[in-house]
Structures are given as structure tokens and as C-alpha cells.
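Visitor: Sequence first, then the predicted structure:
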Number of protein chains: 2
Amino acid sequence: MGSSILHVHSSQHTYPIIIEPGCRKRTFAFIDQYITRKPTKYLIITDDNVAPLYLEDVVHSFPSSETVETYVVPSGEQSKSFKQYEETVTAALKYRLDRRSLIIALGGGVVGDLAGFVAASYMRGIPFIQIPTTLLAHDSSVGGKVGINHSLGKNMVGAFHQPSLVLYDPEALLSLPEREWRSGFAEVIKHGFIADKDLLEWLVTHVTSFQEWDMDILSEMLYRSIQVKANIVQEDEKEQGVRAFLNFGHTLGHAIEAEAGYGAITHGEAVAIGIVYALRLSEKCFEVNLQSAPYLEKLKSLGYQLDIPKQLSADGLLERMSVDKKAYNQVIRFVLLKAIGKPVVQGMSGTVLLDELKREVK
Amino acid sequence: MGSSILHVHSSQHTYPIIIEPGCRKRTFAFIDQYITRKPTKYLIITDDNVAPLYLEDVVHSFPSSETVETYVVPSGEQSKSFKQYEETVTAALKYRLDRRSLIIALGGGVVGDLAGFVAASYMRGIPFIQIPTTLLAHDSSVGGKVGINHSLGKNMVGAFHQPSLVLYDPEALLSLPEREWRSGFAEVIKHGFIADKDLLEWLVTHVTSFQEWDMDILSEMLYRSIQVKANIVQEDEKEQGVRAFLNFGHTLGHAIEAEAGYGAITHGEAVAIGIVYALRLSEKCFEVNLQSAPYLEKLKSLGYQLDIPKQLSADGLLERMSVDKKAYNQVIRFVLLKAIGKPVVQGMSGTVLLDELKREVK
Ligand SMILES: NC(=O)c1ccc[n+]([C@@H]2O[C@H](COP(=O)([O-])OP(=O)(O)OC[C@H]3O[C@@H](n4cnc5c(N)ncnc54)[C@H](O)[C@@H]3O)[C@@H](O)[C@H]2O)c1
Ligand SMILES: NC(=O)c1ccc[n+]([C@@H]2O[C@H](COP(=O)([O-])OP(=O)(O)OC[C@H]3O[C@@H](n4cnc5c(N)ncnc54)[C@H](O)[C@@H]3O)[C@@H](O)[C@H]2O)c1
């Protein structure tokens, strides 16, 4: 089984993304090869689901001469809290990490975002690498957005802090529960919608179930989807322009996650619903037919629930959308599609959004 | 009375520092003149000592068409806490600050560091300006270092986030208590020691008391001292090299502040003691005579207490110094002087530092 590599350019540095089955077991070798300034010590941050599965593999890749500390946070979105942030900083201080120490985020998007924000702010910024273990993290581990949540909004506090290396081991995904595949796959679909119609077609043909994966198909999917993300973040590191397109499906998605209570619905499940809503708005706004039926059918056949959960209220969702980070002066900026692969950002009035929401929920 | 202006170049942008008596009353006019992208709204963050003195002056400078919110934190170092950080973010969210809103830090270094870190991390970074109201803040408001404290160390969490404008009103300093003049003046002296012997001489002649100030002398002192800081941070924005020189006197200074309990001794009082210690180490290490007696005499005549407080322990101070952000692999990196204006960074062993500490405390 092959290894593939992508390079992402950022204003801070260029970093490689390695996609290779089994690579988690050679973590130290990759660090040694790709990270030029030798770290003084290492702190692996992971969660309590991932730790029993893969922590040992990573730790054992280090020679005994290296100082490797580990810190395990509770799994789940609630670890992206101010409290967990402070506790993780405390751990880093107790382990005496210095400015040349390396933080290793081993886990999904929660671990990546939290550990990344700790790295971004610890002593005003130290290096970190990502070892993503969820499908969703193919998205979150690339591009340098890191951060934590606030009860008034997701990811409201954070930084742009680029990893020094991303080590993606598709084998490590095989232990993911169905629900987490669904969560991550929504971002793959999103990447198709905003930039790569061929990818959508490829997915319809090649992805038939989340239960069984051919390693080559899985690796290729990761590669193609990451390629879309990497191209966009390279062009617009700090979200001044095209990077906004990555929020396709996310404005409502975030609102649903927040309204439902973080964790009640996965990020990707919420995003899938947001995608359907954004497609509908796009068709209305631009009077086009995006012919997205086959892709939505694929989503349904993979177990997605594409309606807004009935217990949520339209007003509540609208209120959430208006505090979204992409809102300026309370005009909600929505990513819509003029065609598949042709996203635009559109200022939307509350009335139009509410009308469309009310077709589904009260 | 004149106005002077300095421009500081950073990788993010170039920002002006205005030094002008009364300028706080024209805050909006300066923003309008120097900040190209008009902010959607403003949040002034200040503390409960400064608010009754100057908040109204600043607020009244805005036309009624602008949305200006205010948030007052308790005065003192304890506001640079995780808790106050979270509460300030909560306020920003409640006021619905968006990515194009402007945070205004009105106060001393505490307000500047806290508000700056909120600005650096709120929605992954929004613009902010500094309106320093202490002498010490002539240092802290320039260079973009922002952050908060941890019980295990000062400024352990933070970011590099450059202000968009610094508005320095020397008039606003006239309400400072003696102790705060002393706190800030230590950084002026430090700037002299590391880069500008002429400034030291000028200070000996022109600064005779903190009770009475000629506005021109005060403005000139601010200008000259800021010039030293600005030159250094321009050359080394992210503290990879020469910026370390600014830590002259700070390694022990920080340790003293932490050991004594934040707030028991002011930053500058601690730094003054650290300067004396660093001068002594320098003379020992390089076998030179720095002839610093006249400057230390000036410090004493201005009320400085230059000995390490007797209740502190040498071991405790050493322990604190070894978790300093400038320590790598637990080698403590000290800024020493080969001559006045010729700083170097020197790795120092614990033994030498301890010996020297033990000449003063147990
Ligand atoms: N930074 C970004 O650019 C970005 C982009 C998208 C999403 N996100 C963030 O990512 C987060 C969601 O990421 P996520 O879905 O990976 O969440 P997650 O990290 O919570 O992982 C989901 C669940 O899977 C478990 N898990 C992880 N790896 C596993 C494995 N290999 N086998 C079995 N179980 C495993 C985790 O313990 C957790 O219970 C959200 O907080 C979201 O805001 C960030
Ligand atoms: N960011 C940096 O580069 C940098 C550099 C040096 C110091 N600092 C930080 O700065 C902080 C110390 O700054 P500081 O000494 O200004 O502390 P401070 O902000 O606490 O101000 C000192 C006291 O003076 C009061 N005060 C402020 N302005 C006043 C005025 N005009 N009249 C009367 N009272 C006034 C304050 O309420 C406070 O009680 C420390 O936390 C230190 O770590 C940061």
C-alpha cells in the first residue's frame, strides 16, 4: 500500500501531509525527517477513546533517549472548553515544556483544535504536529485553525497556528464508529460541492459503505479531499477571501450543533443538513437547478438524516447564525453555489433565511 | 506642547505611535485617520481605577452614530487570569463584536495584555489599539506581546498580536501614584542600559522627581524610550533573537514577582532589582566594571529598593527562573551586558545563579 504526500505552504512555513497506512508507528522517524529544529521534549495530547487504541503505537516509535510525556483529555466536544484549555496548559507547564518542545495532537478534531490552541498560545506559541485519527480530522488538521468553544458559540476563541507536520494513518480510522464516518464524510462531500465535481462522482461510485474500506480507496479519498482544502487554505491563510467557501453548509450546521447542545449531533451530521439547506437557498437565489439529487441520495444511503431536527426552533437557529464569526454588522454571510464547484459568499437577510427554515421547523 | 509620532513595522502591518498631550480626547479622530477599515463597533476595555479618570474622555470622542461598548475589569495583576480572560470574551460575545470590530485597551499593562490577548484570540483575531495610561505601558503597549498569567508562571499564555495604533497621552500619566512611576521607570532605565547610554545620562539630568513633570520632558522621555523598544521589536518580531535583550533584568524580576505573589511588588520594582542582579552577574562573568553607580544612585534617589526582599528564598527564585519562557532544556538564559548598550544572551548554570542569589537571601 502506497504512501502519498502533499505540501502546504503557509506564511509561517511549508508543512508536509503524509498519508500512509501504519505511519503512526513511525511517528518519531517522520518527525526526525521533517522537523528541522530538534524538539527538547514531546507532549502527546489525546483523548480517552484514542489513548487505548493508538497511544502506545506512537509512544513506542520514540527511542528511549527522548522525553515523551502524555496527556489524556476526556473524549468529546466538551473538552474544547476554557476549563480543559487551562488544565492542558497546566499539564504542559508541569511537564516543563519550553519554547522548543513539540506538542503532538493524536486524535480527532477536538484534540487537534484544543492541542493546537494550547500550542498556539503556550509561551506565545510553540510548534505542534497533527496525527488525525478521525475522518473529519482530514479537514480540521489542515489549515491551522485551532480553538475552543464558548457557551455562546463554537470556536469563538482560537488562533491560526499551522502544524509542522500532519501524519495521517488511514489504518487508524478503521476503529471509527459509523457515526464518526458520517461526521467526517460530510466534509468530503462539501469539498466536492465547492471545488471538485469529479470527486463527487468518484465518491458516488467508490464509497458504498462505511463498514468496509479498501485501503487504497480510503487513502485516495483522503488525498483528494485534503487537496481541495489545502488549495484553498494556501490561497487564503487568514480567511480574508476564498477560505470562506469552506464554510459551505457550516453556517446552519454550527447553529444546529449549538442549538441541539454540543455533542447531541455530530459536526458532520449537522453540516450535511446545512449543505442541503445551502443548496436549496442557492437554487432559489440564483434560479438554478444544481442537480444534486444523486449526491444527496448517496448521503441518505449512507445513513444521513437530512432534515433539521424537529425539536429545534427556526428563531433559535437564526439567532445562532447571526453570532456566527462570518457575520459582520449582523448581516449573515452565506456560502452559496452558482454551480457545483462555483461557490460565492452572499449576504442574506434574516427574513429570507427564516422563511426557508420555517419550511422545516417552527 | 508638541505631538510626536513613531512608526513601527511588523509582519502584520505598520502602526503609528502617537505621543501627544490630550490625545485621549480625540481618540475617534485618530482612529478615523489611521485605521483604514472602518470598525463595525468598538469595545473599550479598561480597569476600575482608570474608568473614573479617563473613560468618559475617550467615549465622548466618538460621534453618537458609532456603537461604543465598555467593559471594566478589576484593577491589578489578578485580572490577567484565565477567569477574567473568559469573562472578557463573554462580554465581547454579548456585545456581538464581530471580526471587524475594534477593541480599545485603555489602561496600563494589565489591561493592554488582557485586552490584547482577547483581541488576538477572539474569533481567531480581531484588531485592537492601545491607549496606555501608565508609564510602564510605554513598554507593554509596543511590540504586540499580549497574554495572561498562570499560577505556575507569568505571561505563560499569550500571542504576538500587533496593535493597529498606540495613542499615548502623557497628561493621563499625571494621576499615577508614585509607586507606578517607579514601576514604569525601571523599563526606561532598562532601555538605556541595553541600547542607549545617552538616554541614561539624559535621565540622570532631567528626571529628578516623579511628583512634578514638565510635559515636554515627559514626552521626550516616552519618545526616546519607546524608540529603543520599537527598534528592537521591528528587528525581531517573534523573539527569535535580539528581542531577548528586552528581558534584561526580567529573568529574576519575574521570579521575584511570582515568589512574592503577583501584585505584592510591582513589575518595575522587581525588574529594578533584577537589573542590579544582572549588572552584578555581568561584571562577574565578563570581568568588567560597568560604572553603573550613578544610574543606580538615581534609582535609589527616586525611591527604589534595590535588594531582593528578605522573605524570598534563593531556591524558590531559582526554581521560578528555570520555568521562565526563555529557558530551554532547563538552561537559564540570562541577558547580561558586556558594556552599557552591548547586551548578550548567556546560558547560566543554576549553581552560579544560586551563589549570587545567596549573597542576598537564604
Ligand atoms: N480546525 C478546523 O479547521 C476544524 C474543521 C472542522 C471541524 N473542526 C472541529 O473538529 C471537531 C470535530 O472533530 P471530530 O469529529 O474528529 O471529533 P472528535 O475529536 O470528538 O472525535 C469524534 C469521536 O471519535 C473518537 N475517536 C477518535 N478517533 C478514533 C478512532 N480512530 N477510533 C475510534 N474512535 C475514535 C473520539 O474519541 C470522539 O469520541 C469539532 O470540534 C469541530 O469544531 C475543526
Ligand atoms: N506586553 C508586554 O510587552 C509587557 C511588557 C512589560 C510589562 N507587561 C505587563 O504589564 C503589566 C504591568 O503593567 P502596569 O504597571 O501598567 O500595570 P497595571 O495595568 O496594573 O497598572 C498599574 C496600576 O495603576 C492603575 N492606573 C493605570 N493608569 C492609571 C492612571 N493614569 N492614573 C492612576 N492610576 C492608574 C491601574 O489601575 C493599576 O492599579 C504586567 O502584567 C506585565 O506583565 C507587558
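Guide: Arrived safely, thanks for sending. Residues are numbered from 1 along each chain as shown, chains lettered A, B, ... in the order given. Ligands and ions are numbered 1, 2, ... in the order given.
Visitor: mind listing what the residue of chain A at minimum distance from ligand 2 touches?
Guide: Proximity of chain A to ligand 2 (Cβ to the nearest ligand atom) peaks at A:Arg124, 9.9 Å away. Bear in mind the C-beta positions are built from the backbone N, C-alpha and C, glycine included. The neighbours of A:Arg124, taking Cβ atoms under 8 Å, 6 or more residues apart in numbering or on different chains as the test, are B:145, B:147, B:155, B:158-160, B:239, B:325.
Visitor: residue contacts, A:Glu283?
Guide: A:289-290.
Visitor: which element follows the helix or strand hosting it toward the C-terminus?
Guide: Per DSSP states H and E, A:Glu283 falls inside helix A:267-286. Counting by DSSP H and E, the next helix or strand C-terminal to helix A:267-286 is helix A:293-301.
Visitor: Restricting to C-alpha, output that following helix in CSV.
Guide: The C-alpha trace of helix A:293-301 is given here as CSV (Å, rounded to 0.1, in the frame of the first residue of the first chain):
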residue,chain,number,x,y,z
ALA,A,293,-30.1,14.6,-6.2
PRO,A,294,-27.6,11.7,-6.8
TYR,A,295,-25.2,13.1,-4.2
LEU,A,296,-28.0,13.6,-1.6
GLU,A,297,-29.2,10.1,-2.4
LYS,A,298,-25.7,8.8,-1.7
LEU,A,299,-25.8,10.6,1.6
LYS,A,300,-29.1,9.1,2.6
SER,A,301,-28.0,5.6,1.6
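Visitor: And it, what's buried?
Guide: A:295-296, A:298-299 (16 or more other Cβ atoms under 10 Å in any protein chain shown).
Visitor: again, but for stretch A:27-37
Guide: A:27-28, A:30-31.
Visitor: Quick check: closest non-adjacent residue to the most centrally placed residue in chain A.
Guide: In chain A, the residue lying closest to the centroid (Cα atoms, centre = their mean) is A:Ser140, at 2.7 Å. Closest residue in space to A:Ser140, ignoring its immediate chain neighbours: A:Gly109 at 3.7 Å, by Cβ to Cβ, 6 or more residues apart in numbering or on different chains.
Visitor: pretty sure the one you found contacts A:Leu136?
Guide: Yes: at 5.2 Å, A:Gly109 counts as touching A:Leu136 under the criterion of Cβ atoms under 8 Å.
Visitor: which neighbours do the two share?
Guide: Jointly contacting A:Gly109 and A:Leu136 under the rule Cβ under 8 Å, 6+ apart are A:His267.
Visitor: What segments of the stretch 101-250 of chain A are strands?
Guide: A:102-107, A:128-132, A:145-150, A:153-160, A:166-168 (DSSP state E, counting those that start in this stretch).
Visitor: Tell me which of those strands lies nearest to A:Ala272.
Guide: The minimum distance between A:Ala272 and these falls on strand A:153-160, with 16.5 Å, by Cβ to Cβ.
Visitor: right, quick check: that closest one against chain B, any contact?
Guide: Yes: contact of strand A:153-160 with chain B (Cβ under 8 Å from any Cβ of the partner chain) involves A:153, A:155-160.
Visitor: And for A:Ser209, the neighbour number?
Guide: 11 (other Cβ atoms under 10 Å in any protein chain shown).
Visitor: Check A:Ile275 too.
Guide: 29.
Visitor: Might one say that it is in contact with A:Ile256?
Guide: No: the pair A:Ile275 / A:Ile256 is not scored as a contact, 11.6 Å apart, by Cβ under 8 Å.
Visitor: How about the contacts made by the residue nearest to A:Ser140?
Guide: A:132, A:134, A:136-137, A:139-141, A:267.
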